[in-house]
Structure formats: structure tokens, C-alpha cells
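Enquirer: below are the sequence and a predicted model for it; my questions follow.
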Amino acid sequence: MKIAYVMGGVGVCGGTRVVWQHCVELAERGHEAVYGVLNGPECMSWLPGSVPVVNVGRVYLQEWDVVVATGWNTWPIVHSSFPKARAKWGFAQMRESMTLGTPSPNVADYAFSLKGFRVITISGWLKKYLEEECGQRHVAVIPNGVDTGAFYPDPLPIKKSRPIALVVGHEFDKAKNISDAVKAIRAAGKFEIWHICPAAGLVTNVGADKIIVNPPQDQLRRLYSTADILVMSSRAEGRSCIPVEAMACECPVVAMDHLGTEDLQGGRALIADAGNIEHLAELIRFTMENPEETASRVGAAHNYVLTELRWDSIGKRLEELYSS
């Protein structure tokens, strides 16, 4: 198959990484996969893989078996362009733009009003939302995967004076709620808090002891492996890559409940009540004070990711979906 994904650019973010991995896995399965960009450089500098990066203005008139719009801003472009595409898909990774008003309050509603798209999303909760609230039909679910290289990485060669608690992401679009995660960690005990942020321009003062900006992917995995706990608090994410990457690296996960945490339940993560910093702190303490239970949970989580969320198996599911 000849498959094009359409993105805004190649900037550093989790959504970019997911779409890039879709292209990489499909290419490795023998398909002609292209990462199309609306703006910016026609190259990928921060992720491994040899998928072509091209401006969509140069390829929209070509014949495509599948074209995938990957953000609300790309749905209208794919809808009106690519006249020779046999199938057009809309890939919905998040709900932030509908709930938090970015990039504009009605942009997602407008995207969903467009006809002719098949829809793919990343979690059961988003599927339900898209079908019941947005009027979409037959939404397919393909979860975000984890690179097999993330398994069993070595921790950093450091001596810990205190347990390390990790928070990951930024608060620029208000979807992640890192400040509350830090407050919960401080309330739970004496930790060294490391904040991993994808770009220097997105760093805000959340009260962390150490800020690590855009680490290489191999170092990111080592950071997960080194940390004693990952703490997440989110307002609107449908399903983040961050906790499952930590699970792959055998790091315990505690998250504040938000719609979309179904992939973390079943004993694989501890889930605090939405908006309840005290409950989040309580679960952090429980994780640190009950090493046997935590080890069992970490093992179950790692096995879940290893068997269910490998990117190579996700690539096979994408192939089957697009072939249908």
C-alpha cells in the first residue's frame, strides 16, 4: 500500500513520535509510507527511522491508497486535497483541543463535521466519546505502542540520596497538570523530583529539583529506568504514551484519574481520584512503603506492555486496518 500521514511538522512532541512510529512500522512491513508535513523541514532529526519526510504540497496529487489526517488542522486539508486517495482517515490522538480551547474552541467540531473520513483513535474512552458525542461511526481503536528498544534498559550510573520521582511533559496547553503532580510528590515524602520537558521554550516552574529538556530517546528510557516512581496528573488526555513507556522500563506508575486511564487499570497502575491531590500523595506513599506489592504491579505492567503494546504488533494491526 501507498500511505501518507499528514502532520503540521516534525516538532518535538509525543504526537509526532506516535505518527512517526506508525510510518516506520508500516514501512518495515513493506508499505510505501510517507510522513507529510505542512510546514518546516523535510527531515526528521530527533527520531530514528528512514521514512521520507515531504511537504504535502509536492505529493497531494499522487495516487494514495490511504491518507491519514493526524490533527484537527490537517483534517480540512486532507478532506479538500488528495483527490486520488482511495481512503481518507482521521487519526484522533487527544481531546485537548475540544476541552481546553486549543488551538481554537471549534476546530475539532469543524473537523468532525467533514464527511468521507474513517476514524481511528487510541483508546476505548476516546472511541466512546467520538461515537456518542461527536457522531462518528465505527471508530477503530489502535493504542499507542512502545518501541521494543525500550525494554530492559540500563539505569543511569548515579547514587541516590533520595528516591527519584519523575514528572514528564509540559503545561503549555494545560492538558497535563504537572504542578499538581509535583504538589502530591512533595506531600508524600522526601523525593528528588526530575521534570522532563520536550523543549526549552515550554519549561515552566513547577517546583521540580531538576529539569531535563528534550533528552535523546535512549536517555529518556534510562531516566524511566532510574526513577523510583512516575507521577502523572492530567486534565484531558485520552491516553498518554508516558505511563506505558515507564511500565516498559519497570518504573511504578501513579496517575490521577482522567478519562482515558482504562489502559492503566487492572493492577498495572495506581489511579487517584480526579482532582484529588491528597489521594495522589497517598498512593505515592503506598507505592514506596509496599515494595512487594509494587514489584508485583510493576511486573504485571511490564508484561502487559511487552505482550500487548509492542510497536511491531501495532504496525501489523495498522496494516490490517488499512487493508480492510
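Expert: Cool, got the structure.

Enquirer: now do the helices in the stretch 201-324 of the chain.
Expert: Counting by DSSP state H, counting those that start in this stretch, the segments of the stretch 201-324 of the chain that form helices are 217-226, 241-248, 277-289, 291-308, 311-323.

Enquirer: same list (these) but as JSON lines, adding mean pLDDT and distance to residue 161.
Expert: C-betas here are computed from N, CA, C, even on glycine. Listed next are the helices of the stretch 201-324 of the chain as JSON lines, based on pLDDT from 0 to 100; distance: least, CB to CB, whole Å:
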{"stretch": "helix 217-226", "mean pLDDT": "90", "distance to residue 161": "13"}
{"stretch": "helix 241-248", "mean pLDDT": "88", "distance to residue 161": "22"}
{"stretch": "helix 277-289", "mean pLDDT": "97", "distance to residue 161": "15"}
{"stretch": "helix 291-308", "mean pLDDT": "93", "distance to residue 161": "19"}
{"stretch": "helix 311-323", "mean pLDDT": "95", "distance to residue 161": "36"}
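
Enquirer: so which of those comes closest to residue 52?
Expert: Using CB to CB as the criterion, the shortest distance between residue 52 and the helices of the stretch 201-324 of the chain is 17.2 Å, found for helix 311-323.

Enquirer: report the buried residues of that closest one.
Expert: By neighbour count, and taking 16 or more other CB atoms under 10 Å as the criterion, the buried residues in helix 311-323 are 311, 314, 315, 318, 319, 322.

Enquirer: the third one: what's it in contact with?
Expert: Which is residue 315. Contact partners of residue 315, counting by CB atoms under 8 Å, 6 or more residues apart in numbering, are 22, 24, 25, 26, 28, 29, 145.

Enquirer: from residue 142, how far off is it?
Expert: 10 Å (CB to CB, to the nearest Å).

Enquirer: cool, the last one as well?
Expert: Taken as CB to CB, the spacing of residue 322 relative to residue 142 amounts to 10 Å.

Enquirer: mind pulling up the phi and psi values for residue 166?
Expert: phi -110, psi 130 (degrees, to the nearest 10).

Enquirer: i'd like the first residue to be 185 from this point on
Expert: Taking 185 as the first residue, the last one we looked at is residue 350.

Enquirer: find the nearest non-adjacent residue to it, please.
Expert: In space, and not counting its chain neighbours, residue 350 is closest to residue 411: 4.0 Å by CB to CB, 6 or more residues apart in numbering.

Enquirer: next one: residue 461
Expert: Counting by CB to CB, 6+ apart, residue 461 lies nearest to residue 368, which is 4.9 Å off, once chain neighbours are set aside.

Enquirer: isn't there a helix covering that neighbour?
Expert: Yes - using DSSP: H, G, I helix; E, B strand; the rest coil, the secondary structure at residue 368 is a helix.

Enquirer: in stretch 296-311, what counts as buried?
Expert: Of the residues in stretch 296-311, those buried under the neighbour-count criterion (16+ other CB under 10 Å) are 296, 301, 302, 303, 304, 305, 306, 307, 308, 309, 310, 311.

Enquirer: related to what we said a few turns ago, now, which of the buried residues of helix 495-507 sits nearest residue 337?
Expert: Minimum distance to residue 337 across the buried residues of helix 495-507 is 15.5 Å, recorded for residue 495 (CB to CB).

Enquirer: didn't that closest one look like it was pressed against residue 326?
Expert: No - taking CB atoms under 8 Å as the definition, residue 495 is not a contact partner of residue 326, at 11.1 Å.

Enquirer: about what we covered before: now the two most distant members of the buried residues of helix 495-507.
Expert: Spanning the widest gap among these are 495 and 506, at 15.9 Å by CB to CB.

Enquirer: any idea which of the buried residues of helix 495-507 is closest to residue 475?
Expert: Minimum separation from residue 475 among the buried residues of helix 495-507 (CB to CB) is found for residue 495, which lies at 30.7 Å.

Enquirer: return the residues in contact with residue 507.
Expert: Shown in contact with residue 507 (CB under 8 Å, 6+ apart): residue 185.

Enquirer: residue 437 against residue 456, yeah?
Expert: No - Residue 437 is beyond contact range of residue 456, at 11.4 Å (criterion: CB under 8 Å).

Enquirer: so the nearest residue to residue 253 once chain neighbours are set aside is in which element?
Expert: Beyond its immediate neighbours in the sequence, the residue positioned closest to residue 253 (CB to CB, 6+ apart) is residue 262, lying 3.9 Å away. In this structure, residue 262 is located in helix 259-264 according to DSSP states H and E.

Enquirer: and the angle from the helix or strand encompassing residue 199 to helix 495-507?
Expert: When secondary structure is defined using DSSP H and E, the element that contains residue 199 is helix 198-212. Relative orientation of helix 198-212 and helix 495-507, computed by axes from the mean of the first three to the mean of the last three CA atoms, to 10 degrees: 80 degrees.
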